[in-house]
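> Sequence and predicted model, in that order:
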Amino acid sequence: MKVDHIGYLTKDLDACAQALAQLGFKRLTPDIRDDVPDGRGRSRNVQLCFMENGGTVVELVSPLGEDSDVYNRLKTNGEGPYHICFAAEDLAKALETLKAQSWRVLRRPEPAVAFGGAPVAFLVKKGAGMVEIVERREMSGEETDYVPQGG
């Protein structure tokens, strides 16, 4: 697996994007609304966008309401980085390996609007925090440019 992006939680997506632009970040996507219910009737209920600076990609994530996946985390911890996302060619295999290493699945694989429907999962491990794994089947062992989907 390789690092895909860093998730950054913010209460104001536009203000955060403007602040990061002052640090040299450029938008890779317009705002993306992820409020599509999954098979269990749940939605992440967030607005997000991707920005890049020197090869480092940051996903800005902002809750759309109190029922958002990230609302309580933002209220408790405030704004800032909150997950690292890794790309894996085979998500099921990556999850199997991580679970065997005591990682706990917080959110099972489901299609992500921001990645054109590619499946993502969220895991946590004490001492390491939360990670996201996105399946990117185009990985071939060679470094490839980050190409946001769905934007």
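On my side now, so go ahead.
> Number of residues surrounding Lys99?
As a burial measure, Lys99 scores 12 neighbours (other CB atoms under 10 Å). Where you see a C-beta, it was placed from the backbone N, CA and C, and this is true even at glycine.
> SS state for it?
Recorded secondary structure, Lys99: helix (DSSP: H, G, I helix; E, B strand; the rest coil).
> and the gap between it and Thr56?
Taking CB to CB, to the nearest Å as the criterion, Lys99 is separated from Thr56 by 28 Å.
> One more: Met1?
According to CB to CB, Met1 and Thr56 sit 17 Å apart.
> So for the two, which sits in the more crowded spot?
Legend: neighbour count by other CB under 10 Å for Met1 and Thr56, higher for Met1 (16 against 12).
> Now do the more buried one against Ala87, distance only.
According to CB to CB, Met1 stands 6 Å off from Ala87.
> So for these two, which residues contact both of them?
Residues touching both Met1 and Ala87 (CB atoms under 8 Å, 6 or more residues apart in numbering): Ile133.
> what does stretch 87-100 contact?
1-4, 86, 105, 109, 119-121, 123, 133-137, 139.
> For Thr56, name its beta-bridge partners.
On the basis of DSSP bridges, Thr56 is bridged to Asn53.
> for Arg73, helix, strand, or coil?
Secondary structure state of Arg73, per three-state DSSP, is helix.
> what about the helices in the chain?
Per DSSP state H, the chain carries helices over the ranges 13-22, 71-77, 91-100.
> Same list, these, but as JSON lines with distance to Asp31 and mean pLDDT please.
Formatted as JSON lines, the helices of the chain follow (distance: least, CB to CB, whole Å; pLDDT from 0 to 100):
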{"stretch": "helix 13-22", "distance to Asp31": "6", "mean pLDDT": "97"}
{"stretch": "helix 71-77", "distance to Asp31": "17", "mean pLDDT": "93"}
{"stretch": "helix 91-100", "distance to Asp31": "26", "mean pLDDT": "97"}
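> For Gln47, find the nearest of those.
helix 13-22 (5.6 Å; CB to CB).
> counting contacts, what elements does that closest one pack onto?
With contacts defined as 3 or more CB pairs under 8 Å, 6 or more residues apart in numbering; DSSP states H and E, helix 13-22 has these neighbours: strand 46-53, strand 56-63.
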